[in-house]
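[1] got a predicted structure here, sequence first:
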Amino acid sequence: MTFERKKMHKIFVYGTLKQGFCREGVMKGNFLGKTRTLSQYKLNDLGGFPGLTPSEIGKAIEGELWEVDDDCLRTLDMIEGHPRLFRRDSVELEHPKGKDAEAYFWQGRDAEDCGTCWTRK
């Protein structure tokens with residue numbers, strides 16, 4: 001009997017998918033730890049949720065690093081509206097296991113900067 005090993009994906013979450021927030025139950029996988037991005041991003045306040053964008057005068061955004069399988073990734077893509085509302089793409093993290101990680105990037109217009117950490121649950 002052979003077992004097929006599922007491909008795993010590293011995902012950086014920074015808003016409602018974090019532990020203790022309204023969509024934490026969606027994250028099915030291995031929690032690799034809290035981390036921050038390198039200082040090249042902006043966290044936009046989109047009302048009920050944040051949106052990450054690249055920024056030349058960026059900040060280090062706080063969040064969590066997860067390792068999820070294909071099934072969870074498909075669910076996340078659906079929730080985040082990938083690729084129209086949010087686009088999943090490479091993100092640079094401080095975490096030692098953050099190589100090859102991805103995050104969901106906001107595709108809309110710039111909004112008010114909400115600092116380095118999303119706190120609205």
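    Perfect, thanks for sending it. Residues are numbered from 1 along each chain as shown.

[2] residue contacts, the closest residue to residue 106 other than its chain neighbours?
    In this structure, residue 106 finds its nearest non-sequential neighbour in residue 51, 2.8 Å apart by C-beta to C-beta, 6 or more residues apart in numbering. Where you see a C-beta, it was placed from the backbone N, CA and C, and this is true even at glycine. By C-beta atoms under 8 Å, 6 or more residues apart in numbering, residue 51 lies in contact with 43, 44, 86, 105, 106, 108, 111.

[3] and residue 51, how far from residue 33?
    According to C-beta to C-beta, to the nearest Å, residue 51 and residue 33 sit 23 Å apart.

[4] low pLDDT regions in the protein?
    Counting by pLDDT under 70, the chain has low-confidence residues at 1-4.

[5] show me where it has helices.
    Secondary structure of the chain (DSSP state H): helices at 70-80.

[6] give me the neighbour count for residue 75.
    For residue 75, the count of nearby residues is 14 (other C-beta atoms under 10 Å).

[7] who's in contact with it?
    Counted by C-beta under 8 Å, 6+ apart, residue 75 has contacts 26, 28.

[8] and the gap between it and residue 69?
    From residue 75 to residue 69 the distance is 10 Å (C-beta to C-beta).

[9] next one: residue 41
    For residue 41, the distance to residue 69 - C-beta to C-beta - is 26 Å.

[10] of those two, which one has the most company?
    Ranked by neighbour count (other C-beta under 10 Å), residue 41 and residue 69 place residue 41 first, with 22 against 15.

[11] re earlier: what is in contact with residue 75 and residue 69 at once?
    Joint contacts of residue 75 and residue 69 (C-beta under 8 Å, 6+ apart) are residue 28.

[12] so where do the strands sit in the chain?
    Secondary structure of the chain (DSSP state E): strands at 8-13, 29-36, 41-45, 50-54, 62-69, 86-90, 102-106.

[13] got a markdown table for the ones you listed, with distance to residue 121 too?
    As requested, those are exported to a markdown table (distance: least, C-beta to C-beta, whole Å):
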| stretch | distance to residue 121 |
| --- | --- |
| strand 8-13 | 14 |
| strand 29-36 | 16 |
| strand 41-45 | 14 |
| strand 50-54 | 12 |
| strand 62-69 | 14 |
| strand 86-90 | 20 |
| strand 102-106 | 18 |
